[in-house]
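Colleague: Just a sequence and a predicted model for now, questions to come.
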Amino acid sequence: MSDSDGKKTLGLRGAPARPGNVKQSFSHGRTKNVVVETKRKRVVVPKPVSSKTGTGSNPSLGDPKKRPAGITDSEMERRLKAVQAARARESEEAEARVAEEKARAEDRERRRAEIDAKEAEEREREESLKAKAEEDARRKEEAEAAAVATAAPAPAQPQPAGAKVPNTKGGAPAPVVRKKEGDREETNKRNKGNDDSRRSGKLTLNQALTGGEGGRQRSMAQMKRKQERQRQKAMGGAVEREKVVRNVNLPPAIVVSELANRMAERVGAVVKALMTNGMMVTQNETIDADTAELIIEEFGHKVVRVSDADVEDVIKEAEDDPKDLITRPPVITIMGHVDHGKTSLLDAIRKAKVQSGEAGGITQHIGAYQVTTDGGQVLSFLDTPGHAAFTSMRSRGAQVTDIVVLVVAADDAVMPQTIEAINHAKAAKVPMIVAINKIDKYEANPDKVRTDLLQHSVIVEKMSGDVQDVEVSATTGQGIDQLLEAISLQAELLELKANPNRAAVGAVIEAQLDVGRGPVATVLIQNGTLRQGDIFVVGEQYGKVRALINDQGERIKEAGPSVPVEVLGLNGTPGAGDVLNVTDTEAQAREIAEYRSKAAKDKRAAAGAATTLEQLMANAKANATVSELPLLIKADVQGSAEAILQAMEKIGNDEVRVRVLHSGVGAITDTDVGLAEASNAPIIGFNVRANASARATANQKGVEIRYYSVIYDMVDDVKAAASGLLSNEIREHFIGYASIKEVFKVTGVGKVAGCLVTEGKASRSAGVRLLRDDVVIHEGTLKTLKRFKDEVAEVPSGQECGMAFDNYEDIRPGDVIEIFTREEVVRTLA
């Protein structure tokens, strides 16, 4: 708004300056009164323009004399325009209200017309029902009359056309009985309730498409039940509801309301039955299966016991038709002691160099490979570690294999892991082939190997047994062809077959958490065919096959029986040894995985909880004297983590033990560092590394991270660290005995024993025990050891000396003093 429009400003005209006092406050309680003078701006109000001046005035603005003071023509014109706009809006709103009222009136009229049409249709339907009821009554009377005429003793003679029917009883013809109007209405009312649901009138296209009048249509069974009730009611019988016997699925525990729902009974009736049996429960309480079974039988239903494990019924294996079975490649597991040349032998077969790239030159992971021989036969190999810590890996390899190749070094004979491999093969009941490796060495003695195997009930063919043995050399390739021939012969004898045209079933050989690909599982397909896109469940995890990668690193679309593949698409890392099953839907796989996870969690909770207070107190008392070495372990694959856990459990004794706080697969993360800091534990990474964020956090919080690539070094370091928690062993060495001959009392010193060293020597710095009648009376240290008047460090045997004890003076002639020294010995774990 500009200053030239003449609008009056707010203010006080002619107001003088108003002085006042203001009290100012300062720190430390200081105040000051200040006089403030307020001045108002003087407002100059222009005088209204007189009509006597020469300027013309707009007659529409009214008389200027009647305006408020200070209102100019432009302001007045603006106000008039605002008033006109407001009136225009009011007129538009009035027109809109009129139009809305008109639309509402039309809507009411339309609804009223629809209601009238429905009422007319209802009346028409009622009239048609009345007419139909009258027609039914008339037909019924005619049928009764015909029945009476049929039952007459003398049949009527045929009459000519147009003749009147005579009265059978004689006399005048029977008059036609007509119903009165009141009786007809009563009949219609009686039949209206029974036939009200029938369609009346013509069937229109709209009724046929929408299903009558838009209500829910009755089923055929419901119509039959209604007709049966009407028939029984017409015959005068009691209409009783037929009892429906149901099969009730009964879990181990069930809520009362759910039990009533499954029986299709009223909840109140079920609660009443439970109270009759002495159980005061409500509909929201849970009852056990035995009680629920009694209630179900009381209501006349059948019990079908079910459990949570029934969700796994969808993956139960069915017997294959022998016509669908085809020959599959054999699965061969290479087993033996560490450093006996298992991986080198497999490299010679595959013409690869896997062994040269392994840490420490030893295998620490289970590997799966597929080899095609020169004759075109396909063989699947599993290479297992030979170290003592990888017992579970060897056991898994023996469980999923068809043939075990036992590799024994000709220069080393049978070793502990060789014996273990023999036991695994016997437990799995699989045939064995002995490969005597390193035959090219000068000190090789294969006959000694065969003789040592006899001690473990393994009799080779050269010793008149049934176990094949082949002398091979992984370095020169000697005997490789003979070994493959022996494997092929054994596979032919086994007649291995599988059905590729069914859902896949496999075993997880190894699992790991890859940074770029997520959880990856190495699976050996045992039966069926696994295809890309299949939904599967494996252990406590499930997923959808996103990719299949063979042992050469190539992507494939499907994997048949005896084919090892890497499977991508899991939602988590499964456990090594879990079974993979293909399901129809993802919902089934998720339900099975959730059930298995819950069951495993409950099992762990039950195993870790003490059953009684006495057991809890006993465990606390036993653990009070045990020192623990907490550790966090992260490994590259699931099998290595499992082997490390088993190795850690074997370290320790009654005084110290290793406690693994957490073990997992994958890189070391910030979460692991946080847990290690809270528990004051180091982190051990086996073939994994910490990411940049975890390294920075560990350096900041002082968490120790150790990396290992060979399991030997890791076990040795953990043993050394656990040994540091052991208390030192104190050993005593007896150095001499002295006999007290006389006791002297010396002023300022106390009692001094005059002794004769009878054995060994007496030392000033040694510990002493006072024996009286071969009973220890006192144990302590010497205060003084003198030879004549001189203080000496030691006194040899056969010489006399004076001894005084620290803080003890009860010494008598004839007592014996035992002199000994103590030595602390550092203990280590075996």
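Modeller: Received it, and whenever you're ready, just let me know what you need.
Colleague: For the rest of this, base every contact and every neighbour count on C-alpha atoms.
Modeller: OK.
Colleague: What segments of the stretch 151-300 of the chain are strands?
Modeller: For the stretch 151-300 of the chain, applying DSSP state E, counting those that start in this stretch gives strands covering 247-250, 253-255, 286-288.
Colleague: which secondary structure elements does the first one contact?
Modeller: If I follow you right, that is strand 247-250. Judged by 3 or more CA pairs under 8 Å, 6 or more residues apart in numbering; DSSP states H and E, strand 247-250 is in contact with helix 256-263, helix 289-298, strand 302-305.
Colleague: With the last one instead?
Modeller: Secondary-structure packing of strand 286-288 (3+ CA pairs under 8 Å, 6+ apart): strand 253-255.
Colleague: Name every strand pairing with the strand it packs on and say which way it goes.
Modeller: Here strand 253-255 is paired, per DSSP bridges, with strand 286-288 (antiparallel).
Colleague: Quick one: distance of the strand it pairs with to the chain centre.
Modeller: Offset of strand 286-288 from its chain centre (CA atoms, centre = their mean, to the nearest Å): 26 Å.
Colleague: repeat for stretch 305-316
Modeller: Remark: stretch 305-316 is offset 18 Å from the chain centroid, using CA atoms, centre = their mean.
Colleague: neighbouring contacts of that stretch?
Modeller: Stretch 305-316 is contacted from outside by N249, L250, P251, P252, N581, V582, T583, Q588, E591, I592, Y595, using CA atoms under 8 Å, 6 or more residues apart in numbering.
Colleague: can you tell me which of these are in helices?
Modeller: Q588, E591, I592, Y595 (DSSP state H).
Colleague: which ones are touching the third one?
Modeller: I592 makes contacts with V311, E312, V537, E540, as judged by CA under 8 Å, 6+ apart.
Colleague: Would you mind measuring from it to G572?
Modeller: 14 Å (CA to CA, to the nearest Å).
Colleague: Pick the one among the contacts of stretch 305-316 closest to L756.
Modeller: Using CA to CA, the shortest approach to L756 within the contacts of stretch 305-316 belongs to Y595, at 82.6 Å.
Colleague: Just the pLDDT for A86.
Modeller: The per-residue pLDDT reported for A86 equals 91.
Colleague: burial measure for it, as a count.
Modeller: A86 has 12 neighbouring residues, counting by other CA atoms under 10 Å.
Colleague: helix/strand/coil for it?
Modeller: With DSSP: H, G, I helix; E, B strand; the rest coil as the basis, A86 sits in helix.
Colleague: tell me which element E95 falls in.
Modeller: Using DSSP states H and E, E95 falls within helix 73-150.
Colleague: Sorry, wrong one. I was asking about T781.
Modeller: Element membership for T781 (DSSP H and E) is strand 775-787.
Colleague: Check D810 too.
Modeller: D810 belongs to no helix or strand, assigned by DSSP H and E.
Colleague: ok, it to I777 distance?
Modeller: When D810 is compared with I777 (using CA to CA), they lie 9 Å apart.
Colleague: now swap in V749 and tell me
Modeller: Note on V749: its distance to I777, by CA to CA, is 21 Å.
Colleague: Equivalent analysis for T747, please.
Modeller: Applying CA to CA to T747 and I777 gives a distance of 25 Å.
Colleague: out of these two, which sits in the busier spot?
Modeller: More crowded of T747 and I777, by other CA under 10 Å: I777, with 13 against 7.
Colleague: Parallel or antiparallel, which strands does whichever strand in the chain runs longest pair with?
Modeller: Counting residues, the longest strand found in the chain (DSSP state E) is strand 729-746. With DSSP bridges as the test, strand 729-746 is paired with strand 750-763 (antiparallel), strand 816-825 (antiparallel).
Colleague: Poorly predicted segments of the stretch 301-450 of the chain, please.
Modeller: Counting by pLDDT under 70, the ranges of the stretch 301-450 of the chain that qualify are 308, 310, 352-367, 385-399.
Colleague: Show me which of the helices and strands packed on strand 247-250 has the highest average neighbour count.
Modeller: Neighbour counts (mean count of other CA atoms under 10 Å) averaged over each of those peak at helix 256-263, with a mean of 19.
Colleague: buried sites along stretch 466-486?
Modeller: Neighbour counts over stretch 466-486 (16 or more other CA atoms under 10 Å) mark 468-475, 478-480, 483-484 as buried.
Colleague: ugh, typo on my part, it should be stretch 571-587
Modeller: 572-583, 586.
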